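Trainee: what follows is a predicted structure for the sequence shown.
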2 protein chains.
Amino acid sequence: MGPAEQGKRFSFLTHLECGRCGRRYGAFIPQGRCECGSPLLARYDLAGVTAQTARAEFATRAPSLWRYHELLPVQSQDMIVTLGEGMTPVIPMPRLGAEWGAGNLIMKDESLLPTGTFKARGAAVGVSRARELGIERIAMPTNGNAGAAWATYAARAGLDALIVMPLDAPEITRAECYITGARLYLVDGLISDAGAISATAVAAQGYTDTATFKEPYRLEGKKTMGLELFEQLGWRVPDVILYPTGGGVGLIGIYKALLECQEMGWLGGKMPRLVSVQASGCAPIVRAWEEGAAESRRWENAATIAFGVTVPKPLGDFLVLDAVRQTGGCAIAVDDEQTLAAQARVAALEGAFVCPEGAACFAAVEQLRKDTWISEDDEVVVFNTGAGTKYPDMVSVHAPVVPKGSALPEG
Amino acid sequence: MGPAEQGKRFSFLTHLECGRCGRRYGAFIPQGRCECGSPLLARYDLAGVTAQTARAEFATRAPSLWRYHELLPVQSQDMIVTLGEGMTPVIPMPRLGAEWGAGNLIMKDESLLPTGTFKARGAAVGVSRARELGIERIAMPTNGNAGAAWATYAARAGLDALIVMPLDAPEITRAECYITGARLYLVDGLISDAGAISATAVAAQGYTDTATFKEPYRLEGKKTMGLELFEQLGWRVPDVILYPTGGGVGLIGIYKALLECQEMGWLGGKMPRLVSVQASGCAPIVRAWEEGAAESRRWENAATIAFGVTVPKPLGDFLVLDAVRQTGGCAIAVDDEQTLAAQARVAALEGAFVCPEGAACFAAVEQLRKDTWISEDDEVVVFNTGAGTKYPDMVSVHAPVVPKGSALPEG
């Protein structure tokens, strides 16, 4: 915090509010979900924020997500647990865009975060706030990357972490959890099965439940994806934003950032069309969207290479569907073949080795462009939510082994 | 480039100069090594830089390594090939420092770069400059990560890449090369064997050799590690900097940044003691340092888990040794057990999952602190050169598999 920030308020958090029934809760003691079972959303004194801080001021701060501290729940600079996360780059994809007829295609690359995925944002803010509220033990189910991120930040904060993940989760995330000293359990099932197991430790062993939407602050970390994007575009929104939906926190966070920025007058009224991308092997949000339903139904036999979206019945489904509808967006499922093909094209034309969930979003661009839902002139932002290097088995490598001292054949 | 930069000079590159014999070469056509066989170093009109640009100006630019464009070889903004690399975070390590009695321990975390290692810096600048000079095909040997980075940037630039790596190189880097469309070959040998094979494609197939120090611009990308660190510390140097030495470009780059900043008056005369860290299984620099030699001798039977330092006879050895001596630094080898133990302690106390080469540097801190070569009050900067997630096999995970519906035991 520079001298200019002395005497200023660090966070404008005021209270928590149920995302479904609107009931209010105090934000300065640990809270879980609303009594009605729905997620709690952090609310801020937004008028206070704008009275203290002009949006242009953020550019003068260090390039991390903490530059938006007025809009985050942590009350004090000293309580921040950070590994330097945030301000991921916004990268034009001109060669890929030309191939697909999408003249203004941009990737926001969340692989450049600690632990290599966007999950670091939720973990950094969630763990910081948990520590600030005096929490010492956290437990959660995960499809791999969230658990790795929370274990990482918990270790740095000196908290105990207990992580339960499916056997099929990306194997590298096991090593990430384990090396930090987290208690790690595996289950031959889905994240919902892992959640039931994790919940037993919450009930009986004094752990705080940090599963998706079981605490209010992970969402605030994810919100910074939206804040960063809008700032990086010069405080405006693109035409279309594509985001992969598993638990849904990422998309909901971006939408929350949008609404807060609009309320503060930092953005005009234009809505970016939010696209929820799922895999045809697990697409409860897409089905609900197509049915015009307010909520999803549990997806049976979920299976896709985009493992992060394997969430059969997201707790925040109604918020995702609302965000898509309010912005004039859509929900779309792509199959694994499309995802693999898109991953290879992104790498061949732009170099980036994106994760399967990010690749699914690129595949959705190609499909929506063919369907003319995306037009040639649309400014389209794809979130690559993680590093492809965390899913090395997706690539079948064919590389000749040549003897020492040999000359290479013409290629 | 903002309006304030209109009409200003983008790069102050003037010529190339042999790092050994001082012979000059033109910088505006493709160049390899000096006739004497030694690396060529890029030289700049440093007085011109300071006349145009105050060091405080960098803070107003976007957070990438390209903010230092005056001190980089690329002549035009349009020729930059970027995936958003640079301005990696500087992270205090208070809990680890307390355990080791190093009161001011800091990590600069190079894992937050495209491809997950510091190699992205050399590749971004090297590929950009190669494209600017009209080069269309590049070939190189690699211990894995450099090849992955160059293949990535080459793909984005539309260049053909040919990569040769040892069978023992980190397996994930194969996927990174392959998915970009690079020609990838494996050899059951060391990087020196890979170099001999790659050289056949340079000689016979029109590839440009981009092996370590066979072209002058990779070093300029690496130099930005020093520029960033000095800026992030408020334009001053720490007491000690530890860097793992394989080919040596990273350490030489930091030293080059130091000398250039001193010449421009951006830093005072204080030298940070540069520490070259190697593994006891491949320590040619350390042996030369201990023998008081100006150059290294080839290390036989090189083998270590810190695979990136498995370079038996680095071409830039004399420059590394000079940097260490001129700064009052040292060279130290740690064994693999120390490296593994340090990797685990870093993760347990600070959360970060560092690569083996970075872990070796942390192990060196512990050792040098015990030896009192590092004092309690020294400000010590360790470069973590890459993500531990690219070396998942270093961690032996012990995680119980629990049945669906089970309750967790007390932990």
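Mentor: Perfect, I can see it now. Numbers count the residues shown, from 1 in each chain, chains lettered A, B, ... in the order given.
Trainee: per-residue pLDDT of residue A:234, please?
Mentor: Residue A:234 carries a pLDDT value of 98.
Trainee: please apply the same query to residue A:6.
Mentor: On pLDDT, residue A:6 comes in at 71.
Trainee: neighbours of it, just the number please.
Mentor: Residue A:6 has 7 neighbours, counted by other C-beta atoms under 10 Å in any protein chain shown. Just so you know, the C-beta spots here come from the backbone N, C-alpha and C atoms, and that holds for glycine as well.
Trainee: ok, residue A:411 next?
Mentor: 12.
Trainee: list the contacts for the residue positioned nearest the centre of chain A?
Mentor: With distances taken as C-alpha atoms, centre = their mean, residue A:250 lies nearest the centre of chain A, 3.6 Å away. Residue A:250 makes contact with A:118, A:222, A:225, A:243-244, A:383, A:385, according to C-beta atoms under 8 Å, 6 or more residues apart in numbering or on different chains.
Trainee: try it again with 6 Å
Mentor: A:222, A:243 (C-beta atoms under 6 Å, 6 or more residues apart in numbering or on different chains).
Trainee: quick one: it from chain B, how far?
Mentor: 19 Å (C-beta to the nearest C-beta, to the nearest Å).
Trainee: likewise residue A:240?
Mentor: Residue A:240 is 21 Å from chain B, by C-beta to the nearest C-beta.
Trainee: which residues does that residue contact?
Mentor: A:273, A:374, A:378, A:380.
Trainee: now, among these, which is nearest to residue A:112?
Mentor: Distances from residue A:112 to those, taken as C-beta to C-beta, are shortest for residue A:380 (20.1 Å).
Trainee: so that closest one, which state does it fall into?
Mentor: For residue A:380, the assignment made with DSSP: H, G, I helix; E, B strand; the rest coil gives strand.
Trainee: hang on, the earlier thing: out of the contacts of residue A:240, who's nearest residue B:139?
Mentor: Using C-beta to C-beta, those come closest to residue B:139 at residue A:380, 35.4 Å.
Trainee: got the contact list for that closest one?
Mentor: Going by C-beta under 6 Å, 6+ apart, residue A:380 touches A:102, A:105, A:240, A:374.
Trainee: any idea how far the first one is from residue A:375?
Mentor: Distance from residue A:102 to residue A:375, counting by C-beta to C-beta, to the nearest Å: 9 Å.
Trainee: okay, these two: which has more neighbours?
Mentor: residue A:102 (26 against 14).
Trainee: surely that one is within a strand?
Mentor: No. If the criterion is three-state DSSP, then residue A:102 is coil and not within a strand.
Trainee: that one reaches residue A:369, doesn't it?
Mentor: Yes. Counting by C-beta atoms under 6 Å, residue A:102 touches residue A:369, with 5.3 Å between them.
Trainee: hang on, the earlier thing: find the helix or strand that the residue nearest to the centre of chain A is a member of.
Mentor: helix A:249-263 (DSSP states H and E).
Trainee: buried ones in that helix?
Mentor: By neighbour count on 16 or more other C-beta atoms under 10 Å in any protein chain shown, the buried set for helix A:249-263 is A:249-258, A:260-262.
Trainee: ok, now stretch A:330-342?
Mentor: Applying 16+ other C-beta under 10 Å to stretch A:330-342 flags A:330-336, A:338-342 as buried.
Trainee: using JSON lines, lay out these together with secondary structure and distance to residue B:357.
Mentor: Putting the buried residues of stretch A:330-342 into JSON lines (DSSP: H, G, I helix; E, B strand; the rest coil; distance: C-beta to C-beta, whole Å) gives the following:
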{"residue": "A:330", "secondary structure": "strand", "distance to residue B:357": "45"}
{"residue": "A:331", "secondary structure": "strand", "distance to residue B:357": "44"}
{"residue": "A:332", "secondary structure": "strand", "distance to residue B:357": "42"}
{"residue": "A:333", "secondary structure": "strand", "distance to residue B:357": "42"}
{"residue": "A:334", "secondary structure": "strand", "distance to residue B:357": "38"}
{"residue": "A:335", "secondary structure": "coil", "distance to residue B:357": "40"}
{"residue": "A:336", "secondary structure": "helix", "distance to residue B:357": "35"}
{"residue": "A:338", "secondary structure": "helix", "distance to residue B:357": "38"}
{"residue": "A:339", "secondary structure": "helix", "distance to residue B:357": "33"}
{"residue": "A:340", "secondary structure": "helix", "distance to residue B:357": "32"}
{"residue": "A:341", "secondary structure": "helix", "distance to residue B:357": "35"}
{"residue": "A:342", "secondary structure": "helix", "distance to residue B:357": "33"}
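Trainee: of the contacts of residue A:380, closest to chain B?
Mentor: Using C-beta to the nearest C-beta, residue A:105 comes nearest to chain B of the contacts of residue A:380, at 13.6 Å.
Trainee: give me the neighbour count for the closest one.
Mentor: Burial of residue A:105 is recorded as 27 neighbouring residues (other C-beta under 10 Å).
Trainee: show me what the helix or strand hosting it packs onto, helices and strands only.
Mentor: Using DSSP H and E, residue A:105 sits within strand A:104-109. If you count contacts as 3 or more C-beta pairs under 6 Å, 6 or more residues apart in numbering or on different chains; DSSP states H and E, strand A:104-109 packs onto strand A:90-92, strand A:379-384.
Trainee: and these, which is most packed in?
Mentor: Sort those by mean neighbour count, taking mean count of other C-beta atoms under 10 Å in any protein chain shown, and strand A:379-384 sits at the top with a mean of 26.
Trainee: now could you export just the CA positions of that one as CSV?
Mentor: Only the C-alpha atoms of strand A:379-384 are listed here, as CSV (Å, rounded to 0.1, in the frame of the first residue of the first chain):
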residue,chain,number,x,y,z
GLU,A,379,-15.1,-8.8,-30.2
VAL,A,380,-14.9,-12.3,-28.6
VAL,A,381,-13.0,-13.1,-25.4
VAL,A,382,-12.3,-16.7,-24.5
PHE,A,383,-11.1,-17.5,-21.1
ASN,A,384,-8.4,-20.2,-21.1
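Trainee: what lines up beside that strand in the sheet?
Mentor: strand A:104-109 (parallel), strand A:240-244 (parallel) (DSSP bridges).
Trainee: for residue A:33, which of those is the nearest?
Mentor: strand A:240-244 (23.0 Å).
Trainee: which residues touch residue A:61?
Mentor: Contacts of residue A:61 (C-beta under 6 Å, 6+ apart): residue A:67.
Trainee: quick one: the closest residue to residue A:168 other than its chain neighbours from chain B, how far?
Mentor: Of all residues not flanking residue A:168 in the chain, residue A:307 sits nearest, at 6.7 Å (C-beta to C-beta, 6 or more residues apart in numbering or on different chains). Going from residue A:307 to chain B by C-beta to the nearest C-beta gives 15 Å.
Trainee: and residue A:307, how many residues sit next to it?
Mentor: Using other C-beta under 10 Å: residue A:307 sits among 24 other residues.
Trainee: now do it against residue A:170, distance only.
Mentor: Taking C-beta to C-beta as the measure, residue A:307 and residue A:170 are separated by 6 Å.
Trainee: likewise residue A:227?
Mentor: 28 Å.
Trainee: can you check residue A:91 too?
Mentor: Counting by C-beta to C-beta, the gap from residue A:91 to residue A:170 is 23 Å.
Trainee: now residue A:207
Mentor: From residue A:207 across to residue A:170, the span is 24 Å (C-beta to C-beta).
Trainee: try residue A:342
Mentor: Counting by C-beta to C-beta, the gap from residue A:342 to residue A:170 is 19 Å.
Trainee: and for residue A:390?
Mentor: Residue A:390 is 5 Å from residue A:170, by C-beta to C-beta.
Trainee: also residue A:43?
Mentor: Counting by C-beta to C-beta, the gap from residue A:43 to residue A:170 is 35 Å.
Trainee: now swap in residue A:188 and tell me
Mentor: Distance of residue A:188 to residue A:170, given as C-beta to C-beta: 16 Å.
Trainee: which one's more surrounded, those two?
Mentor: Neighbour totals were compared for residue A:188 and residue A:170, and residue A:170 leads with 26 against 12 (other C-beta under 10 Å).
Trainee: fine by me, we can end here.
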